[in-house]
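Colleague: Below are the sequence and a predicted model; questions follow.
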Amino acid sequence: MSTLTFDTLKFANQLKTAGVPASHAEAEAKALSEVFEANWSELSTKADLREVETNLRYEIKQDIADLRKDMDARFAGVDARFAGVDAKLEKTESALRQEMSDMKFELLKWLIGLAVAQVGLVIGLLKFLP
């Protein structure tokens, strides 16, 4: 960690040169030095910033991994629901095909019956009509 230094002697001498009394210049230099020391201890260093960056990257990676797990679980549930729907649709489709086949057979029976009755009616009409 690099430290910044404040040259209090140089600052006090500059104040003396400017006409400030010696005791006053030394008191100002000491007070300013204390302020700088208090504020410099609060400053972040590059190492501090790198540590924060590393921690944030780790937390973000963890959050992304957690989100992926959550999304995978949700999609698995959706896939399971769709699998159930697909099975129901297959059963319904199979039942509809069977019902259509039965209806086709019934319709064919009726058509053949009507055709036979029609032929009989035509023959009967031809026989009884002059």
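Modeller: It's in.

Colleague: residue boundaries of the helices in the protein?
Modeller: 8-17, 22-40, 46-128 (DSSP state H).

Colleague: Including mean pLDDT and mean neighbour count, could those helices go into TSV?
Modeller: C-beta here means a position set from N, CA and C on the backbone, and glycine is covered the same way. As requested, the helices of the chain are exported to TSV (pLDDT from 0 to 100; neighbours: other C-beta atoms under 10 Å):
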stretch	mean pLDDT	mean neighbour count
helix 8-17	80	15
helix 22-40	79	13
helix 46-128	90	10
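
Colleague: The residue nearest the centre of the chain and K109, how far apart?
Modeller: Nearest residue to the geometric centre of the chain (C-alpha atoms, centre = their mean): L67, 6.8 Å. From L67 over to K109 the distance is 62 Å, taken as C-beta to C-beta, to the nearest Å.

Colleague: ok, now Q98?
Modeller: Distance of Q98 to K109, computed by C-beta to C-beta: 17 Å.

Colleague: ditto for N13
Modeller: 123 Å.

Colleague: next one: L125
Modeller: Relative to K109, and taking C-beta to C-beta, L125 is found at 25 Å.

Colleague: can you check L9 too?
Modeller: 121 Å.

Colleague: what's the answer for A73, then?
Modeller: 55 Å.

Colleague: same thing with A27?
Modeller: Taken as C-beta to C-beta, the span from A27 to K109 is 120 Å.

Colleague: Please apply the same query to E90.
Modeller: Using C-beta to C-beta, we find E90 at a distance of 29 Å from K109.
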